[in-house]
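Undergrad: quick one, what's the 3D model for this:
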Amino acid sequence: RDSYLHILLDLEKPSDVLECQSCQIGEGKFHCLTCSRDQTLCHPCIVKTHQCLPFHKVQEWTGKCFEDKSLEELGIVWYMGHGGQPCPFSEDPQAWEDVPLDAEAGSVPMETFASSTTTSTLTIIHSTGVFLHNVVWCGCPGAKHQQHLQLLKARLFPASITRPQTAFTFEVLDHFLIDALECKTSASSFFEKIRRMTNHSFPGTVPNRYRELMRVSRLWRDLMSRKCFGFGHDTREKPGEGDLAWFCPSCPQPGINIPDNWQDNWLISQRFVVDGNFTAQHMTMKKPQLDISLSDGLGYMVKDREYQTHLSLAVESKERSSCSNHRAINTANISRSNLRATGVGATACARHGCFVPHSIVDFQKGERHMNIDYSICNALNYHSAGIDSSLIIYDVGCQWSINFLQRISPTARSMSHAHRQEVLDDHMRDSNWKKIVGISKHFNHVYQKLCLTLKILAKTLLTKYKRALKGVDETKSPFDELAWSLNPGKILMWEIDEKKAVEERGEYLDIYQLQINKAPTMAEIRLKLTESENDDDKHPGTVSWLITGINLEDLQDALRANIRQLPNDATSAQKASIEEKRQRLAARIAKFHETADAMTAGMDLDIGTVHSDDPRFCRTDNDGNEWVEVSDEEISEDIDEEILTEEMGIWMPSSSSQHNRLTLGLGPLQAEELELRKGQANDCLENLRMALGHKALIYRQYFRSADSTWAGTRSKQEARRCQLKIDKYVRSYQRARSAMQRLGMEEATLGSIYREILPTELSIDKEVTEENRFGQGSDRLAWFWRVNNGNECQEDAWMDEFYRVNWLKAKARWSRWQEELSLVRHEMGWTINWFKYHQKEWNRRWQQATRPGHQAYAYQQVLMWGRFAQDAEKAFNGCGYVP
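TA: Numbering: from 1, shown residues only. Predicted coordinates:
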């Protein structure tokens, strides 16, 4: 650090060589802070070396320190109109005389002086500071009133036309526009930065040209836009609505990037997304009549007069939104007198995010339908001749779409301000440009802006292409496997329904929703079995007895869960309560076994089954220091209110081996228990789905939106209770599945219908609770949302319905990925065609141009757009893009 500081301070003194390091004659007391070489020069040499470097900062050694010295004070003169040389018609006869230097006398070349009648002092703002310069205007005939044009030829933009006294370099104007776009720098802050760079200690002594910067930057922005879009060449053609704006190269545009026979391509459709921004407000002007627009309606903002006419004729509906949390609709009638605009509404292409030219509107009282109607109608009419299919994505589309066609006024149908419009246009133009070619560090040249080519756009399309390929592969295999396992006759019926839904849409799309409420419950199975209980080979009351045994298993599980709630320092009262329940449950189990003896005529039965709980599903509802009393109602719900002991084995047919059941003649009892266990499993899966949905609802609507600590705590407690119920249903399902396995259910059925439940499958994935959520492209339902097997449900309406919906959704996912793959390939071709279209347009301008500068710029654009097309073809090679 000290070494660095010493070197930095040593640079504040002149070099040890006293004489000029250029001519070796004069005294070297001047040095330049901008030049890279560390040398001191004499007065004539510093002037000579900086004749073409007007924006360098020079300092003079006073004997004790360096002091700033302007080039104007050194006598440098800037000649206008002849490439920096004096005008042949100069009023100064000595301007062209070759007078020798007298270094010792400190004289300077005579060409640095001019007659006082032709010299002016000009304030020039550059990106490194504010400079004063002596300027000699061109004296050619007819040039007296063209001083502003002479400045332009010297790459200086005049602040006025008649008598320019201030000018801005092209570089500083480019820097200001980029600072405004990237850093959101205001004109005031930007010019204050320039003043501090000129004189950091006394910035107030630097001329303030903030107002001139505001005016000149608008002119510069407008000129650069017109130059970039070819209206410097097509001077006979004036820019129309949206002609000074970039649009998406990958979206279909008839006459630009799609073939002539595009009408046969179903993929060609307009896809737009609409939204509002309430932060882009605009204050009411005191004197709006003084505001002059340079590009009204030529960029992304709509033309103001036609828009105001539309608003005066349109009728806005006053209904409040029927949806929750729709700020856009619920604040539509709020007026703010101090704001001319409360925000803006924008329409962009839905697939690539590019703003649609001439479709951005101002809001007056929030996001009203009449505002959005105008934006959408303009977007639908932009480069869309013949396209009659469109998709509008809008967060309040449910409200906006109501009576849309009835709201459109005649002016909105025909579809054919000022600084704010231009700034917003510039920001949106820059946003679209970044999406097309990426961000370049050199924005002062259009060619340099494009030299980094279309890497971001190509990368985006290639990423979509790879994702589509993966999506097709991941969805085709599950769909084929599902279709192979189902009844072909039913698939044929579903295909007919699907075709009708695609054609008719509307209510026919309900085929993708479940049509039956739920699977058969244990109560329904119990009723069915009880009705057939009077068969000769069955004993009356066996179904009721089997259900009692299943209920006792559930009561044991509930008691074990209650015991897990006990803290380590449980009180005597808590322990006594558990012990009493154990004793009562033991008595009920004993009574159950007495009934079993009667049912089996005193047969020698095996030991009852003792269930052990899976530790993965044995959570507690306390933090280890507080016991949460679980009420009988919460534990047993619709089973029994009393809770007894937990460790006794309960004998049921599933407790015996297959051999013993056959030996003892328990076949009918075994069949009844198997059916009841299926009902138990179905009930558990149904309750599990409900509990998962309830938990998702708590997290989405209560926990995440809690506005107080109390509400958040209550939501957490409710979510914990849901989790306890989820674990309880999983444990009950595990007991049912284990019993079905012991009762001889086929492994294929267990593996396809009643599978094992894993903890990872119990996450809140919202598969059924939010069927219309975003991002279902490659989703698969967790298995327990589908309870049966398609091969065994020919007469099961419930499972038939489940498989119908799953087949339709699996096919829809696969079809959508196929469409995505086809669409991306077409977008690649449309992008290449878009670049070739612009290359062709600039080639036409090049051939028609008559001025050398126009020809050079046009051909530069021809090469640039041609390079874009070549790079795009190279990037998309092998992807099967459609030309």
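
Undergrad: tell me where the stretch 551-700 of the chain has helices.
TA: Remark: helices assigned in the stretch 551-700 of the chain by DSSP state H, counting those that start in this stretch are 572-599, 632-636, 658-664, 667-697.

Undergrad: to clarify, my last question referred to the stretch 701-850 of the chain.
TA: Secondary structure of the stretch 701-850 of the chain (DSSP H, counting those that start in this stretch): helices at 709-742, 747-752, 797-848.

Undergrad: re earlier: and the helices of the stretch 551-700 of the chain, which is most packed in?
TA: helix 667-697 (a mean of 21; mean count of other CB atoms under 10 Å). The C-beta positions use only the backbone N, C-alpha and C, and glycine is treated the same way.

Undergrad: pLDDT of that one, averaged?
TA: Helix 667-697 shows a mean pLDDT of 81.

Undergrad: relative orientation of that helix and helix 709-742 in degrees?
TA: Interaxial angle, helix 667-697 versus helix 709-742 (axes from the mean of the first three to the mean of the last three CA atoms, to 10 degrees): 160 degrees.

Undergrad: where does pLDDT dip in the stretch 101-250 of the chain?
TA: Residues of the stretch 101-250 of the chain meeting the criterion pLDDT under 70: 101-118.

Undergrad: just to revisit the earlier point, for C23, find the nearest of the helices of the stretch 551-700 of the chain.
TA: Nearest of the helices of the stretch 551-700 of the chain to C23, taken as CB to CB: helix 667-697 at 84.6 Å.

Undergrad: and that closest one, how far out from the chain's middle?
TA: 42 Å (CA atoms, centre = their mean, to the nearest Å).

Undergrad: and that helix, what other elements does it pack with?
TA: helix 522-531, helix 542-564, helix 709-742 (3 or more CB pairs under 8 Å, 6 or more residues apart in numbering; DSSP states H and E).

Undergrad: between those, which one is closest to S375.
TA: For these, proximity to S375 was assessed by CB to CB; helix 709-742 is nearest, at 38.4 Å.

Undergrad: would you mark the buried spots in that closest one?
TA: 715, 718-737, 739-740, 742 (16 or more other CB atoms under 10 Å).

Undergrad: tell me which residue lies nearest the centroid of the protein.
TA: The centroid of the chain falls nearest to G353 when counting by CA atoms, centre = their mean (8.5 Å).

Undergrad: and it, how far from N877?
TA: G353 sits 26 Å away from N877, going by CB to CB, to the nearest Å.

Undergrad: I372 now?
TA: I372 sits 41 Å away from N877, going by CB to CB.

Undergrad: for K48, phi and psi?
TA: Phi and psi for K48, reported as degrees, to the nearest 10, are phi -60, psi -40.

Undergrad: sorry, slip of the keys, the one I care about is Y79.
TA: Dihedral angles (degrees, to the nearest 10) for Y79: phi -90, psi 130.

Undergrad: and stretch 751-763, what's its mean pLDDT?
TA: Across stretch 751-763, the average pLDDT comes to 82.

Undergrad: straight-line length of it, end to end?
TA: 21 Å (CA to CA, to the nearest Å).

Undergrad: that stretch: which residues count as buried?
TA: Across stretch 751-763, burial judged by 16+ other CB under 10 Å covers S752, I753, Y754, I757, E761, L762.

Undergrad: likewise for stretch 246-262?
TA: Buried residues in stretch 246-262 (16+ other CB under 10 Å): 246-254, 256-258, 262.

Undergrad: how many neighbours does A350 have?
TA: If you count neighbours by other CB atoms under 10 Å, A350 ends up with 16.

Undergrad: quick one: Q21 and T62, what's the gap?
TA: Per CB to CB, Q21 is found 19 Å from T62.

Undergrad: which of the two has more neighbours?
TA: Q21 (17 against 9).

Undergrad: that one and T40: what is the separation?
TA: In terms of CB to CB, Q21 sits 6 Å off from T40.

Undergrad: what's the overlap in contacts for the two?
TA: By the contact definition CB atoms under 8 Å, 6 or more residues apart in numbering, Q21 and T40 are jointly contacted by S15, G28.

Undergrad: quick one on the thing from earlier: distance to E67 added to the buried residues of stretch 751-763, as a markdown table?
TA: Shown next, in a markdown table, are the buried residues of stretch 751-763 (distance: CB to CB, whole Å):
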| residue | distance to E67 |
| --- | --- |
| S752 | 91 |
| I753 | 93 |
| Y754 | 92 |
| I757 | 84 |
| E761 | 79 |
| L762 | 78 |
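
Undergrad: show me what the host helix or strand of V862 is packed against.
TA: Element membership for V862, per DSSP states H and E: helix 852-875. The elements that helix 852-875 packs onto, with contact taken as 3+ CB pairs under 8 Å, 6+ apart, are helix 446-450, helix 455-484, helix 797-848.

Undergrad: buried residues in that helix?
TA: Here helix 852-875 shows 854-855, 857-862, 864-869, 871-873, 875 as buried, counting by 16+ other CB under 10 Å.

Undergrad: all helices of the stretch 351-500 of the chain, in order?
TA: Assigned by DSSP H, counting those that start in this stretch, the stretch 351-500 of the chain shows helices spanning 369-380, 397-400, 404-407, 410-414, 418-437, 446-450, 455-484, 488-504.

Undergrad: again with the stretch 201-350 of the chain
TA: Secondary structure of the stretch 201-350 of the chain by DSSP H, counting those that start in this stretch: the helices cover 210-228, 304-313, 327-330.

Undergrad: can I get these in CSV including distance to E237 and mean neighbour count?
TA: Listed next are these as CSV, based on distance: least, CB to CB, whole Å; neighbours: other CB atoms under 10 Å:
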stretch, distance to E237, mean neighbour count
helix 210-228, 11, 18
helix 304-313, 21, 16
helix 327-330, 39, 18
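
Undergrad: mind putting these in JSON lines, distance to A385 included?
TA: Shown next, in JSON lines, are the helices of the stretch 201-350 of the chain (distance: least, CB to CB, whole Å):
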{"stretch": "helix 210-228", "distance to A385": "25"}
{"stretch": "helix 304-313", "distance to A385": "20"}
{"stretch": "helix 327-330", "distance to A385": "31"}
